[in-house]
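1. coords please:
(2 chains)
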Amino acid sequence: MPKSTATTSAAAVLAALATAKGEDSQEIDNEALNELSTHLQNLLNSNTELENQLTELKTELEKKQTEHAAEIKNLTDDFETRLKSMEDKQVSNEEFAAKVMAHTGIAPVEGESAGDGGEDTTPENRTIEQHQAHYQSLENPREASLYYEKHIRPALFGQN
Amino acid sequence: MPNTLAPHGAVSLDIIAQEIIFALRADLAIYRGLPKKFSEVSLRLGETLNAKVPAPRVAKRKKATAAYENTAVSATETTITLDDEIYDRMELLGTDLHASAIDLRELYAIPSAQAMGEGILSHAEDHLVEGALVGNTTANFNPANFTHTDLFGIDSEMNLAKVAKGGRFIAMSEEYALPLRMERVNNGLNENIDANGTYVNGGLPERIGNFRVHVTNAFSEPRLFAGNSLSLGVVTSVPFVPPAEDAPGVIYRTVNDPETGITLQFRQQWVTEPTEQYNIVCRVYVGHKVPAPETLFYKKAAA
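-> Numbers count the residues shown, from 1 in each chain, chains lettered A, B, ... in the order given. The predicted model follows:
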């Protein structure tokens, strides 16, 4: 029984009792007592039902909490993996930048990441190692030479 | 073949290869306007390539009622055999390859380009002497006495021989260019100098009279050749690489020059440890031919 219905019914029984008591406190008939008993039983049942619902909710909550904890752990692990990968890549880029520096005497532009060919970077904004990486990726010898002459040669030798 | 850079020394190889191509342009400028086929495909020595030769143009005369007569505009072709390999093989140490880019260019690329240019043009020289001696003389000529009057005299001789003016060129070594340059200076004419003050084309203009002028240091001795677009054809190709040569530790590069069109092959091989010796070979197969010897003139230089 819904809680609101049980409360209404109990209020009606109490009202009936008060009426009966007002007329004659010594003459409360069995019918009213039975009705009261029934409503009290209904209230007890309703309470039990609510307790069951509460238990179910608690169980569900605990289940959700477990799932969320697992999800948070996965996200944390993934983040740590990515962070480790970025740190490794950073070391690799620093080594490559050192090699480029040794070859060309030109340091990579500070603040730009070294590395993967820089398809997301316009040619004018590429670092020398990004130019090298892009040059490597060109399979057509003519395109590679054009790219070398336009972008790498000026970086290595200036306009001379 | 991808231009993949291997981890060690390959960046240097790419710089050397590209700078050789760049430095070679001046010597290959002689082939502008001449029949040629620079193949990007690898071939074997003895194979042939066809170079397009422009068809001679002859203007026709007609009366008002006559019909126009068409002549084909499509070029004919001349078949030229790839008969020699031109190569320069450099032995370098690992420390050499770790030099700065400027050192790689100055110490290795430019000298190698000069060697390759001399190799290719010396191959051309063997064919260029199939032409006629200027003035039909066997007497040796002293290049130091060469003047503009001599140059225009060659032009006139070609006109008299009815050599077409299309694509006329004159190629000369520095020994012939020097007196021409001095003559220009003495007469208040401009020298050909770039923004850095360096002589371009031996200080001579790109054109004098009907001639496209080409000055080179790549001839094997003081030389002067004059011709037109029928006087010399050239073909080159990337050397064929047998599978057995494609071994571990060997890096190949195929580098093309968009300006001249030539494609060279570079092969780097790691040789020994611990000295880290590398061999870098620059290679190309070459063939030359004189399609019309009657269009070609040259001077025989004093010994």
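
2. phi, psi of the residue of the stretch 201-303 of chain B found nearest chain A?
-> For the stretch 201-303 of chain B and chain A, the shortest gap (C-beta to the nearest C-beta) falls at B:N256, measuring 3.8 Å. Heads up, the C-betas are built off the backbone N, CA and C, glycines and all. Backbone geometry at B:N256, expressed as degrees, to the nearest 10, gives phi -110, psi 140.

3. go on, B:T147?
-> The phi and psi values for B:T147, taken as degrees, to the nearest 10, are phi -130, psi 170.

4. now do the SS call for the closest residue to it other than its chain neighbours.
-> Distances taken as C-beta to C-beta, 6 or more residues apart in numbering or on different chains place B:E183 nearest to B:T147, at 5.9 Å, with adjacent residues excluded. Secondary structure assignment for B:E183 (DSSP: H, G, I helix; E, B strand; the rest coil): helix.

5. with B:Y68 instead?
-> coil.

6. can you check B:V234 too?
-> strand.

7. for it, which non-adjacent residue is closest in space?
-> Spatial nearest neighbour of B:V234, excluding adjacent residues (C-beta to C-beta, 6+ apart): B:K36 at 4.7 Å.

8. pLDDT score assigned to that neighbour?
-> The model reports B:K36 with a pLDDT of 94.

9. need the contact list for it.
-> Going by C-beta atoms under 8 Å, 6 or more residues apart in numbering or on different chains, B:K36 touches B:51, B:233-235, B:261.

10. and the helices in the chain, which stretches?
-> This is for chain A. Secondary structure of chain A by DSSP state H: the helices cover A:3-24, A:30-104, A:128-137, A:141-147, A:153-157.

11. nope, chain B please
-> B:10-28, B:94-97, B:101-103, B:110-128, B:148-160, B:174-186.

12. can you tell me which of those is most buried?
-> Highest mean neighbour count of these: helix B:10-28, a mean of 24 (counted as mean count of other C-beta atoms under 10 Å in any protein chain shown).

13. for that helix, packing partners?
-> Packing partners of helix B:10-28 (3 or more C-beta pairs under 8 Å, 6 or more residues apart in numbering or on different chains; DSSP states H and E): helix A:30-104, helix A:153-157, helix B:110-128, strand B:250-256, strand B:263-272, strand B:277-289.

14. picking up where we left off before, pull out the buried residues from the contacts of B:K36.
-> Listed as buried from the contacts of B:K36 are B:51, B:233-235, B:261; burial here means 16 or more other C-beta atoms under 10 Å in any protein chain shown.

15. and which of the residues you listed is nearest to B:E276?
-> B:G261 (35.3 Å; C-beta to C-beta).

16. so what's that closest one up against?
-> Applying C-beta under 8 Å, 6+ apart, the residues near B:G261 are B:36, B:38.

17. cool, B:G166 as well?
-> Contacts of B:G166 by C-beta under 8 Å, 6+ apart are B:54, B:57, B:228-229.

18. mind redoing it with 7 Å?
-> B:54, B:228-229 (C-beta atoms under 7 Å, 6 or more residues apart in numbering or on different chains).

19. that older thread, the helices of chain A: lowest mean pLDDT?
-> helix A:3-24 (a mean of 59).

20. residues near B:V129, how many?
-> 15 (other C-beta atoms under 10 Å in any protein chain shown).

21. phi, psi of it?
-> phi -80, psi 0.

22. need the residues of the stretch 101-250 of chain B near chain A, please.
-> B:101-102 (C-beta under 7 Å from any C-beta of the partner chain).

23. where in the stretch 101-250 of chain B is pLDDT low?
-> Low-confidence segments of the stretch 101-250 of chain B (pLDDT under 70): B:245-246.

24. from it, which residue is nearest to chain A?
-> Nearest residue of the stretch 101-250 of chain B to chain A (C-beta to the nearest C-beta) works out as B:A101 at 4.2 Å.

25. and that residue, how far from B:T198?
-> Remark: distance between B:A101 and B:T198 (C-beta to C-beta, to the nearest Å) = 20 Å.

26. nearest to B:E47, out of the helices and strands packed on helix B:10-28?
-> Proximity to B:E47 (C-beta to C-beta) singles out strand B:277-289 among the helices and strands packed on helix B:10-28, at 8.3 Å.

27. centre of the chain to that closest one, how far?
-> 14 Å (C-alpha atoms, centre = their mean, to the nearest Å).

28. likewise for stretch B:295-303?
-> 18 Å.

29. ok, residues contacting that stretch?
-> B:128-134, B:138, B:140-143, B:154, B:157-158, B:163, B:221-228, B:230-231, B:290.

30. for the helices of chain B, which one sits closest to B:D83?
-> helix B:110-128 (8.5 Å).

31. the inter-axis angle of that closest one versus strand B:277-289?
-> 20 degrees (axes from the mean of the first three to the mean of the last three C-alpha atoms, to 10 degrees).

32. which helices and strands does helix B:110-128 pack with?
-> helix B:10-28, strand B:84-93, strand B:277-289 (3 or more C-beta pairs under 7 Å, 6 or more residues apart in numbering or on different chains; DSSP states H and E).

33. adding mean pLDDT, write these out as a markdown table.
-> Output for those, formatted as a markdown table (pLDDT from 0 to 100):
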| stretch | mean pLDDT |
| --- | --- |
| helix B:10-28 | 90 |
| strand B:84-93 | 93 |
| strand B:277-289 | 94 |
